[in-house]
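Colleague: Fold the following.
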Amino acid sequence: MSSSWEDVPESLPLAVLEPISLNSHINPVLQALFSMKSVSAFFQSHICFDEFCLTCELGFLFHMLSVEGSADSCQATNLVRVLRSLPDASERSLIVTGSQEETIVGAAVQNWMEFLLERTHSEYLHHTGYHESQESPVTQLCAWKVLETVMHECGHTNQLEKFVFCLPLQYSVPNVCVGRDLHGILKHSLNEHSEWVLTCAYCHQQTKSYVSRNILSSPETFTVSFNLEGANNKALLKNLVESWSVRQTLSREKSKSPLTSEVKPCRYGASCTRPNCFFLHPNEVEEDQGSDASPTFIPPYIWTRIDGNGQAEVVSHQPLDSAAWSCYEATTIISENVAYGKDAQPTVTCAVKVKNAMADDAVWQSFDDLVVTPITQVLIVYPSIIVDRSLLLTDISRFQHAALSFDLNYKIPCTVQYARVDMELRWPTRVMNPINRDIFQKFCDLTANRRCYQTSSVVPVQRNEVFNSDCVVALDAEFVSLAEDDSIDLASAVAASTAKPSVLSVGRVTAVRGNGHLTDTLLMDEYVVARDKVANHLTEFSGIRPGDLSANLSLKRLDTLKSVYVRLRYLVDSGVHFIGHGIHTDFRILNIRVPADQIIDTVQLYRLPDQRLISLKFLSWYFLGNHIQHLHGHDSAEDALTALRLYNLYEKYRSMAYADLNNSCGSGCTFVDLLAQMYELGRSLQWKVPPPQNP
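Modeller: Presented below is the predicted three-dimensional model:
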């Protein structure tokens, strides 16, 4: 199997996230979490009615990445909106502004991973009413449960159960022989034994304290941080990699010609404390005999278990009693690509091992902003799974992968994620869609008391009303600007939304039923409450005026963005076909990814190839004889209904001969001819609609 893009089935999760202005380091973290099917399924199966629930927004985002049949990249606009509203995100300096100093990439990646997991764990406990020390699916999936013991010299002892979501490597290993490989450093970091000067909670004196850790339970997947913020740790890692590389070279020479090999056993054996010792040690000889793989410093597989004393054991070769160990495989690696040049900026990439559902192998794909490329030499033979659930590795990474290798001069590893090889058998990967039609009865009408005298034009969802692939809904959305530039127009704001998705925010969403006994009635017509400061209401383009989106002042039917979002998501998931004029832009800024076969865009229906796009206002005047957006500017209800009528007219033109419609252009005229006449007239009018004639 070659590692080309075409070899990867379309069903694999290869959607990409666009860079966001909040903090570009969050994208690889989101991609890493999404790549774990069980973790992604947990988030996608959650729904609640808290307006700023991070778990919900992660589920919505992962659902977008899972949508098939859409070639669009994904934006995390709504997730950014929620993150900006969380005080603890600002306290951790995760919200980057232009005035802040340059962020350390490795620290930012680790902070994002810890924050997302800790926050969603807390939200789960809040929703269920559990105590803060109890476990949640987030901790069972992604965190080591440990018992930390602090012994003070004053004689007092404290113990605390805690969860470790992202494990930073500790390079200062007392026994250098143990810490000569990544798995040895990982073992030392898990079984932390350190000395600190801490304040005793009982006598309130600062004393020398000894911190030890016992492992209570291991997760399904865990993240290891290389912890390279300081120059000292970088130098230690560089020395470790160099000495490891030399030992591997000498070890291979020994295996080829044992009689002439210059590699000798170390005279100090397992007690060696020399950091750059090139001689063989007992643990290295054992590992060399236990595997014929071409190793990398980051092992593709590791085995762990917890001994009777609560200490973790970690090895990188398959033990003889493997049934008593948990086998993990490297699944994602986040790295920083070093920038060279005066104005060059470092980039962050996420390498993901993508499983092939059609075969027992996988390919490593590198996600770098909007580019997805396969990593060479990526064929992995997966371990076979025995009936009694014990694991047997038939092969261990026959190739030295580019994904697992690095040169600190060019590529700095930030985190590596390991997952149990049988995790998908232990945890569900099927998403239980939590959004159902009852969501239409639970929307938040924030101004109902203020509008008690008004009659709503929205027809509520009927008890016997069904939404499926036979349903048609016309949709239009209006937006306001959050940018500081008051002179911004809608066209430039939409163009800028690729690089800065927070430029535009949803202000109003209208949906009109397109078929059935309630045809042409409003299904939704919601103004979206503004939680951020609106710099420009773009009234000329949106019809929204100051005060319309204020929870304290508005007399409109006001709702939260999340409430509007989940109702639209239900319609999308039900297979409903959407009609609109430039509807791709609406869904893009709404942050909903819709399969292409569910979208009908009238701007494309009424367009000749390689010709300009025609405005809804001009099409309405030319084909329907109606003047829209004339007296009161844009109105999303009027625009949605106009798009629906244009679609119905297009269907008539497509289904019968044009001559049967008693038009003046003759029996031989086709719809394409009619479009050509419209373009000719439009150019003569400079695409300006003539004013309506007074009666």
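Colleague: Contact partners for residue 565?
Modeller: For residue 565, the contact set (C-beta atoms under 8 Å, 6 or more residues apart in numbering) comprises 60, 78, 590-592. Any C-beta I mention is one placed from the backbone N, CA and C, and that applies to glycine too.
Colleague: switch to 7 Å and redo it
Modeller: Applying C-beta atoms under 7 Å, 6 or more residues apart in numbering to residue 565 gives the contacts 78, 590.
Colleague: Which secondary structure state does it sit in?
Modeller: When classified by DSSP: H, G, I helix; E, B strand; the rest coil, residue 565 comes out as helix.
Colleague: Model confidence for residue 489, exactly?
Modeller: Listed pLDDT for residue 489 reads 48.
Colleague: cool, and the one 4 residues further on?
Modeller: According to the per-residue confidence, residue 493 scores 47 in pLDDT.
Colleague: What of the one 5 residues further on?
Modeller: According to the model's per-residue confidence, residue 498 sits at a pLDDT of 38.
Colleague: Same question for residue 108.
Modeller: The model's pLDDT for residue 108 equals 87.
Colleague: so where does it fall, helix or strand?
Modeller: For residue 108, the host element (DSSP states H and E) is helix 105-128.
Colleague: next one: residue 354
Modeller: strand 347-355.
Colleague: elements contacting that strand?
Modeller: Counting contacts by 3 or more C-beta pairs under 7 Å, 6 or more residues apart in numbering; DSSP states H and E, the secondary-structure elements packed against strand 347-355 are helix 26-35, strand 326-337, strand 362-368.
Colleague: quick one, which of the ones you listed is packed in tightest?
Modeller: When you average the neighbours per residue for each of the helices and strands packed on strand 347-355 (mean count of other C-beta atoms under 10 Å), helix 26-35 leads with a mean of 25.
Colleague: Quickly list what residue 479 is bridged to.
Modeller: residue 506 (DSSP bridges).
Colleague: Would you mind measuring from it to residue 540?
Modeller: 12 Å (C-beta to C-beta, to the nearest Å).
Colleague: Which one's more surrounded, these two?
Modeller: When neighbours are counted by other C-beta atoms under 10 Å, residue 479 and residue 540 differ, and residue 479 comes out ahead with 26 against 11.
Colleague: Residue 507 is in contact with the more buried one, correct?
Modeller: Yes - counting by C-beta atoms under 7 Å, residue 479 touches residue 507, with 5.6 Å between them.
Colleague: The next helix or strand after the helix holding residue 108 - contacts with which helices or strands?
Modeller: Where DSSP H and E defines the elements, the next helix or strand beyond helix 105-128 is helix 137-142. On a contact count with 3+ C-beta pairs under 7 Å, 6+ apart, helix 137-142 meets helix 37-44, helix 105-128, strand 221-225.
Colleague: how about those, which one is nearest residue 373?
Modeller: Distance to residue 373, taken as C-beta to C-beta, is lowest for helix 105-128 among the helices and strands packed on helix 137-142, at 20.2 Å.
Colleague: Now find how far off-centre the closest one is within its chain.
Modeller: 14 Å (C-alpha atoms, centre = their mean, to the nearest Å).
Colleague: quick check: angle from that helix to strand 347-355?
Modeller: 60 degrees (axes from the mean of the first three to the mean of the last three C-alpha atoms, to 10 degrees).
Colleague: which stretches of the stretch 401-550 of the chain form helices?
Modeller: Ranges of helices in the stretch 401-550 of the chain, per DSSP state H, counting those that start in this stretch, are 423-426, 490-496, 539-542.
Colleague: Which residues does the first one contact?
Modeller: Pointing back at helix 423-426 there. Here helix 423-426 has contacts from 37-38, 220-221, 420, using C-beta under 7 Å, 6+ apart.
Colleague: Would you mind confirming that residue 649 is in contact with residue 626?
Modeller: No - applying C-beta under 7 Å as the test, residue 649 and residue 626 come out as separate, 11.7 Å apart.
Colleague: Beta-bridge partners for residue 313, please?
Modeller: residue 305.
Colleague: Just the buried residues of stretch 623-636, please?
Modeller: Neighbour-count burial for stretch 623-636, counted by 16 or more other C-beta atoms under 10 Å, picks out 623, 626, 628-629, 633-636.
Colleague: start to end distance for that stretch?
Modeller: 19 Å (C-alpha to C-alpha, to the nearest Å).
Colleague: Give me the below-cutoff pLDDT ranges for the stretch 1-150 of the chain.
Modeller: 1-14, 20-24, 69-72, 96-103 (pLDDT under 70).
Colleague: isn't residue 327 right next to residue 301, touching?
Modeller: Yes - counting by C-beta under 7 Å, residue 327 does reach residue 301; the two are 6.2 Å apart.
Colleague: What helices and strands are in contact with the helix or strand hosting residue 63?
Modeller: Per DSSP H and E, residue 63 falls inside helix 54-66. Judged by 3+ C-beta pairs under 7 Å, 6+ apart, helix 54-66 is in contact with helix 26-35, helix 37-44, helix 77-85, helix 105-128.
Colleague: One more pass at 8 Å, please.
Modeller: Packing contacts for helix 54-66, counted by 3 or more C-beta pairs under 8 Å, 6 or more residues apart in numbering; DSSP states H and E, involve helix 26-35, helix 37-44, helix 77-85, helix 105-128, helix 561-573.
Colleague: picking up where we left off before, will you turn the helices and strands packed on helix 137-142 into a markdown table that also has mean neighbour count and distance to residue 212?
Modeller: Below are those laid out as a markdown table (neighbours: other C-beta atoms under 10 Å; distance: least, C-beta to C-beta, whole Å):
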| stretch | mean neighbour count | distance to residue 212 |
| --- | --- | --- |
| helix 37-44 | 23 | 30 |
| helix 105-128 | 21 | 22 |
| strand 221-225 | 24 | 20 |
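Colleague: I appreciate the help and will end here.
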